[in-house]
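Chemist: here you go, sequence then predicted model.
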Amino acid sequence: MQCYDCLADDQATTAVAVCASCGAALCREHVRAEHREIRQLVGMGKATHEPSARRLVCGICHEAESPPSAPEN
């Protein structure tokens with residue numbers, strides 16, 4: 001399988017991952033690793049699991065799913 005983003009630039013690069021959000025194949029250069037806390041309701045509160053979960057996404061999905069940055073004054 002070839003990296004979807006590299007194919008857009010007329011390059012053939014072997015994919016090493018698949019975006020968890022859109023399903024695009026990604027090479028090492030285009031994959032982004034996110035770390036997310038996993039929380040579970042336990043009794044009267046929440047428990048956070050360690051270590052955090054790893055999620056691989058493409059650059060477009062990473063930007064789309066990231067919270068907007070605060071405007072500078």
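Modeler: That came through, no problem.
Chemist: Ile60: what's it in contact with?
Modeler: By Cβ atoms under 8 Å, 6 or more residues apart in numbering, the contact set of Ile60 is Cys22. Where you see a C-beta, it was placed from the backbone N, CA and C, and this is true even at glycine.
Chemist: and Glu34, what's its pLDDT?
Modeler: According to the prediction, Glu34 has pLDDT 88.
Chemist: can you list phi and psi of it for me?
Modeler: Main-chain torsions, Glu34, degrees, to the nearest 10: phi -110, psi 150.
Chemist: who does it bridge with?
Modeler: On the basis of DSSP bridges, Glu34 is bridged to Arg55.
Chemist: try the one 5 residues further on
Modeler: Each beta-bridge partner of Arg39 is listed here: Thr48, as defined by DSSP bridges.
Chemist: now the terminal residues of stretch 9-17, how far apart.
Modeler: 18 Å (Cα to Cα, to the nearest Å).
Chemist: buried ones in it?
Modeler: Of all the residues in stretch 9-17, those buried under the rule 16 or more other Cβ atoms under 10 Å are Thr13, Ala15, Ala17.
Chemist: could you do stretch 53-71 as well?
Modeler: By neighbour count on 16+ other Cβ under 10 Å, the buried set for stretch 53-71 is Arg55, Leu56, Val57, Cys58, Ile60, Cys61, His62.
Chemist: equivalent analysis for stretch 1-10, please.
Modeler: Counting neighbours by 16+ other Cβ under 10 Å, one finds that the buried residues in stretch 1-10 are Cys3, Tyr4, Asp5, Cys6.
Chemist: can you tell me which of those end up in strands?
Modeler: The members of the buried residues of stretch 1-10 all map outside strands under DSSP state E.
Chemist: of the residues you listed, which pair is most distant in space?
Modeler: The largest separation in these, counting by Cβ to Cβ, is between Tyr4 and Cys6 at 7.4 Å.
Chemist: can you pull the contacts of the spatially most central residue of the chain?
Modeler: Central residue of the chain (Cα atoms, centre = their mean): Val57, 2.7 Å from the mean position. With contact taken as Cβ under 8 Å, 6+ apart, Val57 is in contact with Cys19, Ala20, Ser21, Val31, Arg32, Glu34, Glu65.
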